[in-house]
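Novice: Got a sequence here, can you model it:
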Amino acid sequence: MFKFRFRSTLSLCTLFLVCVLVLAGCGSAETANHETGSGSGQTTENNGSAGNGNASEGSSENETRIYKTAKGDITIPAHPQRIVTDYYGGEILSVGGNLIGVEPSAFENPFIKEQLKNTTDVGYPVNVEKTLELQPDLIVVMYDDNYEELSKIAPTVHIPYGTATDIYKTVELFGDLIGEKEQAEAFIAAYEKKAEEGREKLKGIVDENTTVGLYELTDKGDLWTFGDNAGRGGQAVYNALKLKMPSKISNDNQTVQLSLEVLPEYAADYMFMTVYDPEKKGDALKEFKQSKVWNGLEAVKNQRFFENDFDTFYRYDPIAITAQIDLFVDLITKSAQANN
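Specialist: Numbering: from 1, shown residues only. A predicted model of the protein is given here:
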């Protein structure tokens, strides 16, 4: 009798223990499912490339992906929250990136000054110690001076100068890089609207035969012409406003150095010249304007020769290009009004 009761009791205890373990297992599975659903600690690998990869939509802050670069595949945040760069400040800001560190000359860019109020000057070459203090989760560089050291701080993407050749490719590239495809699309839509409005304002002032030239005079007296993708407003003038280059200027050679004597051969109906004079001496410009060549230009005689601020028109990031559209339209329309 005693033996039977012991076996029964043992069986009941065993059954109870099994039930407890099953219930515990169900609870653990439910907890694990809940944590996975919240995105905690998720890691995905989405193949991307400069300008061609696609970030996962709806991904969490902790999600990562593989990004292809000239230096190999790099694991980067799908949606970086703290970005340091050297010369890509305007590009990153154009697609809504949170820029926490940038090189010094960016703070002289009139188009992004306001957006850089809380951004740190990290120097150039990018200072490793300053960058470490900022704790970025992504570093983007045009030049790879400190690439190895910076790579130890955070994933570092090297995008060499000239990788993207126009505003469309640039915005697409950086929108993809920081996982902001919708921001990139919205920026391009606003740019195209601005360009269309600019062309509309110029109707009746210029026509398909009106030529526009971009030039630069340096403090050494050197003279250059520029195409549609070397800064100085080229993309705004030739691509957005669709104005015509002088026949001697070609996009095959984005920059061409001239002697003063041949400038009339490269002249245009409207001539825009930036002056690179970092010490603000003014000697080269004064000498240029005293020359017979300058005084003989039709654009000068017709009040269609403009001296443009270097910091304003040198810039070629997407934000600058978009803003330059209005600047050129205003200069051309005011010149037309002055000649009436």
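
Novice: Now do the residue most central in space within the chain, the pLDDT please.
Specialist: With distances taken as CA atoms, centre = their mean, the residue of the chain nearest its centroid is residue 91 (1.2 Å). For residue 91, the pLDDT comes out at 98.

Novice: Show me the protein divided up by domain.
Specialist: 48-186, 202-338 (automatic domain parsing).

Novice: least reliable of those domains going by mean pLDDT?
Specialist: domain 48-186 (a mean of 91).

Novice: in the sheet, who's paired with the nearest residue to residue 209 once chain neighbours are set aside?
Specialist: Residue nearest to residue 209 in three dimensions, not counting chain neighbours: residue 244, with 6.9 Å by CB to CB, 6 or more residues apart in numbering. Heads up, the C-betas are built off the backbone N, CA and C, glycines and all. Applying DSSP bridges to residue 244 gives these bridge partners: residue 211.

Novice: I figured residue 244 hits residue 211, correct?
Specialist: Yes: Residue 244 lies in contact with residue 211 (CB atoms under 8 Å); the separation is 5.1 Å.

Novice: circling back: give me the secondary structure label for the residue nearest to the centre of the chain.
Specialist: Under DSSP: H, G, I helix; E, B strand; the rest coil, residue 91 falls in the helix class.

Novice: Same check on residue 228?
Specialist: Applying three-state DSSP: residue 228 is coil.

Novice: Residue 75 now?
Specialist: Under three-state DSSP, residue 75 comes out as strand.

Novice: residues in contact with residue 240?
Specialist: 191, 194, 195, 198, 199, 321, 325 (CB atoms under 8 Å, 6 or more residues apart in numbering).

Novice: wait, doesn't the first one sit right on residue 321?
Specialist: The reference is to residue 191. Yes: between residue 191 and residue 321 there is a contact under CB under 8 Å: 7.4 Å.

Novice: Show me whatever sits in contact with both of those two.
Specialist: Both residue 191 and residue 321 are contacted by 167, 240, under the criterion CB under 8 Å, 6+ apart.

Novice: Which one of those two is surrounded by more residues?
Specialist: Each of residue 191 and residue 321 has its neighbours counted (other CB atoms under 10 Å); residue 321 has more, 28 against 22.

Novice: element containing that one, please.
Specialist: helix 318-338 (DSSP states H and E).

Novice: Contacts for that helix next, please.
Specialist: 90-91, 93-94, 109, 111-112, 167, 170-171, 187, 190-191, 194-195, 198, 201-202, 205-206, 233, 235-237, 240-241, 270, 272, 302-304, 306, 312-313, 315.

Novice: Would you mind listing which of those residues are buried?
Specialist: 90-91, 93-94, 109, 111-112, 167, 170-171, 187, 191, 194-195, 198, 201-202, 206, 233, 235-237, 240-241, 270, 272, 304, 306, 312-313, 315 (16 or more other CB atoms under 10 Å).

Novice: residues touching residue 140, list them.
Specialist: 83, 84, 85, 86, 88, 92, 156, 157, 159, 177.

Novice: gap between the last one and residue 196?
Specialist: Taking CB to CB, to the nearest Å as the criterion, residue 177 is separated from residue 196 by 28 Å.

Novice: Who has more neighbours out of the two?
Specialist: Legend: neighbour count by other CB under 10 Å for residue 177 and residue 196, higher for residue 177 (28 against 13).

Novice: which residues does the more buried one contact?
Specialist: By CB under 8 Å, 6+ apart, residue 177 lies in contact with 50, 67, 76, 140, 157.

Novice: ditto for residue 131
Specialist: 84, 101, 122, 139, 150, 153.

Novice: do the same with residue 152
Specialist: Per CB under 8 Å, 6+ apart, neighbours of residue 152: none.

Novice: can you tell me how far it sits from residue 204?
Specialist: 59 Å.

Novice: Hmm, residue 121 is touching residue 107, no?
Specialist: Yes: with contact defined as CB under 8 Å, residue 121 reaches residue 107; the gap is 6.6 Å.

Novice: Walking through this protein, point out its helices one by one.
Specialist: For the chain, applying DSSP state H gives helices covering 2-37, 89-94, 128-134, 147-151, 167-177, 181-201, 234, 283-289, 292-296, 298-301, 310-314, 318-338.

Novice: model confidence over the longest one, on average?
Specialist: When pLDDT is averaged along helix 2-37, the result is 37.
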